[in-house]
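# how would this look folded up:
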Amino acid sequence: MPGTPWKTVNRFIDAVSLVTQEKHFKHSLQTLALGLGYEFYAYVNISSKSSFALSNYPKEWQDRYFQKSYQSLDPVIEIARRTMAPFTWSLEDRNFRLTQRRGFAREANEFGICSGTTIAIPAGFGHVSFLTFASKDQSPGSHVRLDHVPAITAATFTHAFVTLRRPRATASSVVRLAPQEAICLRWAAEGKSMRESATLLGIKYSSARSYLDNARDKLGAVSLIQAVAIATRLHLI
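Next comes the predicted model:
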C-alpha cells in the first residue's frame, strides 16, 4: 500500500495527466509541494548560458539568482550534479557556511528558502535539470520523507511536461539577442540558409553569418540547430 508520499505523488500524476493549461500545471506543482510539507517548488534547467526556471519562489529571488549567476555557486546544484540522487539540504549545512557562499545563503534565508529536497533529472543530450521543494524551516526534519522512487517519479513527470509543453519560464538567465540576430535566427528556424536570410534582409552574406555567430555564442550553443532550439525554448524568436 503506498505511503503518504506516494499518495501525494499519485495525485500529482493524475492532475498533470489531465492539465492543458500552464496555470493548472503550476497549481499542481504547488499542491504537490504543500502535500510534502514545503512552501516552494523550483524546476531549474541549467546550461552554460541559457538557464531557466519554473518556480513559485519570490520573483525578486528568481531574477537575482540568475542575474548574479548563483547557479555556479549554489551547493545544492553542485551536490545534485555529483550524486544524481534525491537528497535533503539545509542552510545550516557546512557547504552553505563556506566563505564564498555565505552571502548567497544569507540572501536565500531572507527570502524564506532555508531547507529542502532536490532531485536531479537527466535531461538528455548531456543536460541535467533539477526539481527542488523548499521550505522556510531551518531543518528538513518536519517535511514528509520523500523516498527515491516517488521523488524521481515526480521529477520525471515535471520534466516531461516542461519539455513537451514548454511553459513560459518564471525566470531565466539574461540572454539578449540584438534585433538582427533574432531575425536571422528566426529565418534559420524557418529553414532558410545564411545566404537566403541575407537576401531576404537585404544585407551581405558576411553580415548574416556574423549575426548568427553572435547569437550562437550568446546562447552557448555549439551549432546553429542548437541555437535555434535554445532560442525557441527561451521564447527569444
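# avg pLDDT for stretch 183-192?
In this model, stretch 183-192 has an average pLDDT of 92.
# tell me where the chain has strands.
40-46, 52-55, 87-90, 115-124, 127-135, 171-172 (DSSP state E).
# now those strands in CSV, with mean pLDDT?
Shown next, in CSV, are those (pLDDT from 0 to 100):
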stretch, mean pLDDT
strand 40-46, 91
strand 52-55, 89
strand 87-90, 93
strand 115-124, 90
strand 127-135, 92
strand 171-172, 76
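# distance to Asn10 for these - can I get that in a markdown table?
Any C-beta I mention is one placed from the backbone N, CA and C, and that applies to glycine too. As requested, these are exported to a markdown table (distance: least, CB to CB, whole Å):
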| stretch | distance to Asn10 |
| --- | --- |
| strand 40-46 | 17 |
| strand 52-55 | 22 |
| strand 87-90 | 22 |
| strand 115-124 | 17 |
| strand 127-135 | 16 |
| strand 171-172 | 29 |
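# could you list the single helix or strand in the chain with the lowest mean pLDDT?
Across the helices and strands of the chain, mean pLDDT, DSSP states H and E gives its lowest value to strand 171-172, namely a mean of 76.
# each with direction, which strands does that strand pair with?
In the sheet, strand 171-172 lines up against strand 52-55 (antiparallel) (DSSP bridges).
# using PDB, write out every CA atom in the partner strand.
Taking Å, rounded to 0.1, in the frame of the first residue of the first chain, the C-alpha atoms of strand 52-55 are listed here in PDB:
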ATOM      1  CA  PHE A  52      15.700  29.000 -16.900                       C
ATOM      2  CA  ALA A  53      13.400  28.200 -14.000                       C
ATOM      3  CA  LEU A  54       9.700  27.400 -13.400                       C
ATOM      4  CA  SER A  55       9.100  28.200  -9.800                       C
END
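# ok, how many other residues are close to Pro5?
Using other CB atoms under 10 Å, Pro5 is surrounded by 20 other residues.
# can you pull the contacts of the nearest residue to it once chain neighbours are set aside?
Leaving aside its sequence neighbours, Pro5 sits nearest to Pro150 (CB to CB, 6 or more residues apart in numbering; 4.7 Å). Pro150 makes contacts with Pro5, Trp6, Thr8, Val9, as judged by CB atoms under 8 Å, 6 or more residues apart in numbering.
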